[in-house]
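[1] Sequence and predicted structure are below.
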Amino acid sequence: MKRREFLKTSLTASTLAGLGTASLSAVGAEASSSKQEYYELRVYRLKAGAKCDLLESYLEKAAIPAWNQLGSTPVGVFKEKQPKDGPAIYVLIPYASLESIAQATARFSSLSGLDQAAQDYLNSPKSDPGFERIDSWLMLAFAGMPKIELPAYSKEKKERMFEMRTYESYSEVKALKKVAMFNAGEIDTMREVGLGPIFFGQSILGASLPHLTYMLSAENDEAHKKHWDAFGKHPVWDKLKNDPQYADTVSSMHNRFLVPTPYSQI
């Protein structure tokens, strides 16, 4: 497969297909001033019982090196401990700006990482595809945590677990209020009690809007539960949750417990 054809297959290209340069500039103006990152949360959904060797080889040997070369680092790759919606691989890709996403789309085909792993994945036959479907969300980092943060155990690739939470809201106004609540002290409190926050993102493109997604971490399940208990008893959280301005900001919550793949950079 030629590199130009690889560009056409890039999910990033499809994500940005409906956004012109003017739209990118307008949406990104506020974030650029505060250096907030953008995140793509990509979910590769697999058929039950299907092997994921082809996809994982592609992610490890071709896709992640390519994203890193474009400045997207660290890239996280995770699997769910007990899949709720069937087997899947979760990929978190950070970008410095909306412009960098557009640049990645234009430059991805010129990278040198199109090795055999990429060829095998991109040319997989219909009878044995690399995935069943791909879901994707584009998110803007919160002002209270504008970039990915990695605890020491994650930097050192020690044993670790992650909890990813999604909060849906019944209106755009309430969704923004919940973001404001995190920025007003909820994020700092999570740091203080050891919940090991990794990222916080407000979804701006994707399904089931409006919602936000964030990720916490710990060295093990027991430590994670202990940190949540401390958070629930913290006076700052008690004050925030009882503040009338933040009432009814979350209409539903979904969480998943994830483990990193051996090649995950988070």
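    Now that the structure is in, tell me what you want to look at.
[2] Show me the helices in the stretch 101-250 of the chain, by range?
    Assignment of helices within the stretch 101-250 of the chain using DSSP state H, counting those that start in this stretch yields the ranges 116-122, 152-155, 172-181, 187-192, 221-232, 235-241.
[3] Can you verify my assumption that Ile101 contacts Trp67?
    No: between Ile101 and Trp67 there is no contact, the gap being 11.0 Å when judged by CB atoms under 8 Å. For the C-beta atoms, the positions are set from N, CA and C on the backbone; glycine is no exception.
[4] Looking at the two now, which is surrounded by more residues?
    The neighbour count for Ile101 versus Trp67, taken as other CB atoms under 10 Å, is higher for Trp67 (25 against 22).
[5] What pLDDT is listed against the nearest residue to Pro74 once chain neighbours are set aside?
    Residue nearest to Pro74 in three dimensions, not counting chain neighbours: Gln265, with 3.5 Å by CB to CB, 6 or more residues apart in numbering. Taken from the predicted model, the pLDDT recorded for Gln265 is 98.
[6] cool, Ala31 as well?
    The predicted local confidence for Ala31 comes out at a pLDDT of 55.
[7] same deal with Ser169?
    The score at Ser169 is 98. That number is its pLDDT.
[8] Chain neighbours aside, what residue packs nearest to it?
    Skipping the residues right next to it in sequence, Ser169 comes nearest to Ala175 by CB to CB, 6+ apart, at 3.8 Å.
[9] What count of nearby residues applies to the one you found?
    When counting by other CB under 10 Å, one arrives at 22 neighbours for Ala175.
[10] Isn't it up against Thr166?
    No: contact criterion CB under 8 Å: Ala175 and Thr166 do not qualify, at 11.5 Å.
[11] which residues do the two both contact?
    Common contact partners of Ala175 and Thr166 (CB atoms under 8 Å, 6 or more residues apart in numbering): His211, Leu212.
[12] In a strand, Glu99, correct?
    No: under DSSP: H, G, I helix; E, B strand; the rest coil, Glu99 sits outside any strand and is assigned helix.
[13] who's in contact with Glu219?
    Neighbouring residues of Glu219 by CB under 8 Å, 6+ apart: Tyr153, Lys158, Glu159, Arg160, Met161.
[14] change it to 7 Å
    Shown in contact with Glu219 (CB atoms under 7 Å, 6 or more residues apart in numbering): Tyr153, Lys158, Glu159, Arg160.
[15] In PyMOL, select just the buried ones from those.
    Buried members of the contacts of Glu219, defined by 16 or more other CB atoms under 10 Å, are picked up in PyMOL with:
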select buried, resi 153+160
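[16] Turn the contacts of Glu219 into JSON lines, including pLDDT.
    As requested, the contacts of Glu219 are arranged in JSON lines below (pLDDT from 0 to 100):
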{"residue": "Tyr153", "pLDDT": "96"}
{"residue": "Lys158", "pLDDT": "95"}
{"residue": "Glu159", "pLDDT": "96"}
{"residue": "Arg160", "pLDDT": "98"}
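[17] May I ask which two of the contacts of Glu219 are separated the most?
    The most widely separated members of the contacts of Glu219 are Tyr153 and Glu159, with 7.3 Å between them, by CB to CB.
[18] on that earlier part again, distance of the residue nearest to Pro74 relative to Ala63?
    From Gln265 over to Ala63 the distance is 12 Å, taken as CB to CB, to the nearest Å.
[19] Kindly report the same for Lys47.
    Between Lys47 and Ala63 the distance, using CB to CB, works out to 21 Å.
[20] between the two, who's got more neighbours?
    More neighbours surround Ala63 than the other of Lys47 and Ala63, with 25 against 12 (other CB under 10 Å).
[21] in what helix or strand does Tyr90 lie?
    Applying DSSP states H and E as the criterion places Tyr90 in strand 88-95.
[22] That strand vs helix 98-107, what angle?
    For strand 88-95 against helix 98-107, the angle by axes from the mean of the first three to the mean of the last three CA atoms, to 10 degrees is 110 degrees.
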